[in-house]
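Asks: have a look at this fold, sequence not included:
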């Protein structure tokens, strides 16, 4: 496998795109971060890298801002999660189709992991993020579309902050999966421990 | 986790030009195509479950689902429900290009078998947008059983925040071999061939074909063209459980926050809710959690508010559920009669609700709730107000 261009951050909020009023970037992370970066497995999730990618890139981002899990209850309760992908979980869908076509029983664990909500449920339970959950598949720029979804959540009053996750599985064996995460929230929230506090826009 | 704060109402008011109204809608279930047949099935409480003929079920523990005859085409069916809703809203073709289309879909079994597709829905959204001439939003909602209701909430938010004056939301699920095998593997399907929400002896859910489309507009936009108004979307709320990969929080507090947010946005009192179209999948733990959510959010009125789950009639349409059930909730308010909670056997002490157990009951107020809950603890509540 080749190395993804981890040095080129795709997770950002473009200046030409107006963010929700009073909202700033609080933290961001990407996967892979280096050539040797590996995804930790998650108990109960099998065969596919999609959910481990979601959980790991979210962990890296949330850790930068909240430190160790869980988030504090006040901020966690008002933090939504938007998971966007331009591929979806191809590996799980393919595994299910293969089992059906070959007349085998589908592995029970695939029942819940077949939907992206499951990985979000895994991370929200650990981090105490109790805002709304939105999972989308995007034909175009998944991160751009995810920013729109997060804007609607905040402008609509459904959340104060949003963890935006991009998770794409490799479309070619020569490529690696790619994940990115961006935490945005109110300017009034405390700045990140590492000094990360990017003004949006 | 500490006790959760109550929902915070956002923009949007219960009345006035910024109110969101439904001006067109259509629905398809296993009962048939069109509002009349869908309404008739739920008001009479006639389940549409039968043996699966669309694909083999030999390796599965059950062989029952609610299906349309034959092998309908998802993109074609979606285009048709959108056209029907569009016509019902009395909109001209000139309105199409500027009107965003939001879609909620399940993974495509065709795409899963096509290594060239490289995307789990296989481009259905682009096909449907191309057929209808609506402005495609490059996004398909896949938030499991709250996908369609999430799309409705985003559409309503686009309207109240001024990003759009009119949005079409459509959703569709057709039972396929992959989904059936998956739910069978998860032991989620009712072995007795019936969905029995909130009832003692309930054994699980059954899948069902479902498609729906709605045209949402600002009240001002609808009024400016003297559009027919089916109902108002008076409030909405969404929340997360922060609890489990696939199980809901047992005390229902996550879903309760969504209900409270919907009521707060509409400035409605919980005593004014005349009907709840519950998520009511028919599973043991989810139904009891939802009953707890209703008691937490409606308080003493939970025992007095009629509740049914129309999944007992049309089955679980997965990503399309929230929209099919929203349309049915509007149909019930329009008809002045409540859908039946079919399949009921006996009371369950963990689900002490005023279930609609026979046809003919009438709503006693102007508001109705349509609730949905999904894997990952995602919850939505849509509050409908009679026109």
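Replies: Alright, I've got the coordinates. This one's a predicted model, so the numbers in the text were calculated from it and none came from an experiment.
Asks: what residues does the stretch 201-350 of chain B have near chain A?
Replies: Contact residues (CB under 8 Å from any CB of the partner chain) of the stretch 201-350 of chain B with chain A: B:237-246, B:254, B:257, B:261, B:265. Every residue, glycine included, has its C-beta placed from N, CA and C.
Asks: mind telling me what element the residue of chain A found nearest chain B is part of?
Replies: Distance from chain B to each residue of chain A (CB to the nearest CB) is smallest for residue A:157, at 1.9 Å. If you go by DSSP states H and E, residue A:157 is not part of any helix or strand.
Asks: residue A:106 in helix, strand or coil?
Replies: In three-state terms, and counting by DSSP: H, G, I helix; E, B strand; the rest coil, residue A:106 is coil.
Asks: oh, that last question was meant for residue A:27, not what I typed.
Replies: strand.
Asks: residue B:369 now?
Replies: Under three-state DSSP, the three-state class of residue B:369 is strand.
Asks: can you give me the helices in chain B?
Replies: B:35-44, B:74-88, B:109-112, B:124-132, B:147-160, B:177-185, B:219-224, B:253-266, B:284-298, B:311-314, B:321-335 (DSSP state H).
Asks: widest-spaced pair of the residues of the stretch 201-350 of chain B next to chain A?
Replies: The largest separation in these, counting by CB to CB, is between B:245 and B:265 at 29.4 Å.
Asks: which one of those two has more residues nearby?
Replies: Neighbours per residue, other CB atoms under 10 Å in any protein chain shown: of residue B:245 and residue B:265, the larger number sits with residue B:265, 28 against 24.
Asks: the closest residue to that one other than its chain neighbours bridge partners, please.
Replies: In this structure, residue B:265 finds its nearest non-sequential neighbour in residue B:235, 3.9 Å apart by CB to CB, 6 or more residues apart in numbering or on different chains. Taking DSSP bridges as the rule, residue B:235 bridges to residue B:383.
Asks: so what's residue 138 up against?
Replies: No chain in the question, so chain A it is. A:84-86, A:145-146, B:138-140 (CB atoms under 8 Å, 6 or more residues apart in numbering or on different chains).
Asks: hm, I was asking about chain B
Replies: Under the criterion of CB under 8 Å, 6+ apart, the contact list for residue B:138 reads A:138-141, A:145, B:125.
Asks: what distance do you get for it to residue A:140?
Replies: Counting by CB to CB, to the nearest Å, the gap from residue B:138 to residue A:140 is 4 Å.
Asks: on that earlier part again, does the residue nearest to residue B:265 really touch residue B:269, like I thought?
Replies: No - in this structure, residue B:235 is not within contact of residue B:269 by CB atoms under 8 Å, at 11.6 Å.
Asks: need the residues touching each of these two.
Replies: Joint contacts of residue B:235 and residue B:269 (CB under 8 Å, 6+ apart) are residue B:263.
Asks: contacting residues around residue B:365?
Replies: Contacts of residue B:365 (CB under 8 Å, 6+ apart): B:272-274.
Asks: tell me which other helices or strands the longest helix that chain A contains touches.
Replies: Assignment by DSSP H gives helix A:50-66 as the longest helix of chain A. On a contact count with 3 or more CB pairs under 8 Å, 6 or more residues apart in numbering or on different chains; DSSP states H and E, helix A:50-66 meets strand A:23-31, strand A:79-85, helix A:90-101, helix A:117-127, strand A:161-168, strand A:178-186.
Asks: the bottom helix or strand of chain B by mean pLDDT?
Replies: Lowest by mean pLDDT, DSSP states H and E among the helices and strands of chain B is helix B:109-112, with a mean of 84.
Asks: is there proximity between that one and chain A?
Replies: Yes - applying CB under 8 Å from any CB, one finds helix B:109-112 in contact with chain A at B:109, B:111-112.
Asks: quick one: contacts of stretch A:117-124?
Replies: Contacts of stretch A:117-124 (CB under 8 Å, 6+ apart): A:42, A:45, A:50-51, A:54-55, A:58-59, A:62, A:81, A:83, A:112-113, A:129-130, A:133, A:135, B:143-144, B:240-246, B:374-378.
Asks: count the neighbours of residue A:176 for me.
Replies: For residue A:176, the count of nearby residues is 22 (other CB under 10 Å).
Asks: surely it and residue A:32 touch.
Replies: Yes - in this structure, residue A:176 is within contact of residue A:32 by CB under 8 Å, at 6.0 Å.
Asks: mind pulling up the pLDDT for residue B:358?
Replies: pLDDT recorded at residue B:358 is 98.
Asks: my guess is it contacts residue B:338, does it?
Replies: No - taking contacts as CB under 8 Å, residue B:358 lies outside contact range of residue B:338: 9.8 Å.
Asks: show me the contacts for the most centrally placed residue in chain A.
Replies: For chain A, residue A:165 is the residue whose C-alpha lies nearest the centre (CA atoms, centre = their mean; 2.3 Å). With contact taken as CB under 8 Å, 6+ apart, residue A:165 is in contact with A:54, A:57-58, A:81-84, A:146, A:179-181.
Asks: name the member of the residues you listed with the most neighbours.
Replies: residue A:81 (32 neighbours).
Asks: partners of that one in the sheet?
Replies: Beta-bridge partners recorded for residue A:81 (DSSP bridges): residue A:133, residue A:163.
Asks: picking up where we left off before, and the helices and strands packed on helix A:50-66 as TSV, adding mean pLDDT and distance to residue B:305?
Replies: Formatted as TSV, the helices and strands packed on helix A:50-66 follow (pLDDT from 0 to 100; distance: least, CB to CB, whole Å):
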stretch	mean pLDDT	distance to residue B:305
strand A:23-31	92	37
strand A:79-85	97	28
helix A:90-101	94	39
helix A:117-127	97	28
strand A:161-168	96	33
strand A:178-186	95	36
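Asks: if anything else comes up later, I'll come back, but that's it for now.
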